[in-house]
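Trainee: dropping a prediction and its sequence here:
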Amino acid sequence: MTSMRGGVRVLGWLERPAKWIAAMAGAAAVYALWKLK
């Protein structure tokens, strides 16, 4: 039951490309800052 609900939540998250872009941009920024140190 929980896994099924989690799957629905993941699908809903995947349907929002803005969150993907924000997550990727944040990850890239953190990686760049870590790489520059």
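Mentor: Happy to help now that I have it.
Trainee: just give me the residue closest to the centre of this protein.
Mentor: Central residue of the chain (C-alpha atoms, centre = their mean): residue 23, 4.3 Å from the mean position.
Trainee: what mean pLDDT does the helix or strand where that residue lies get?
Mentor: Here residue 23 sits within helix 17-36, counting by DSSP states H and E. Regarding helix 17-36, the rounded mean pLDDT is 90.
Trainee: may I have it as CSV, with CA atoms only?
Mentor: Backbone C-alpha positions of helix 17-36 (Å, rounded to 0.1, in the frame of the first residue of the first chain) are rendered in CSV as follows:
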residue,chain,number,x,y,z
PRO,A,17,9.3,19.5,-15.1
ALA,A,18,9.9,22.7,-13.2
LYS,A,19,10.9,20.7,-10.2
TRP,A,20,13.2,18.6,-12.3
ILE,A,21,14.9,21.7,-13.7
ALA,A,22,15.2,23.2,-10.2
ALA,A,23,16.6,20.0,-8.8
MET,A,24,19.1,19.7,-11.6
ALA,A,25,20.1,23.3,-11.4
GLY,A,26,20.6,23.0,-7.6
ALA,A,27,22.6,19.8,-8.0
ALA,A,28,24.8,21.4,-10.7
ALA,A,29,25.4,24.5,-8.5
VAL,A,30,26.4,22.4,-5.5
TYR,A,31,28.7,20.2,-7.7
ALA,A,32,30.3,23.3,-9.2
LEU,A,33,30.9,24.9,-5.8
TRP,A,34,32.3,21.6,-4.5
LYS,A,35,34.5,21.3,-7.6
LEU,A,36,35.9,24.8,-7.3
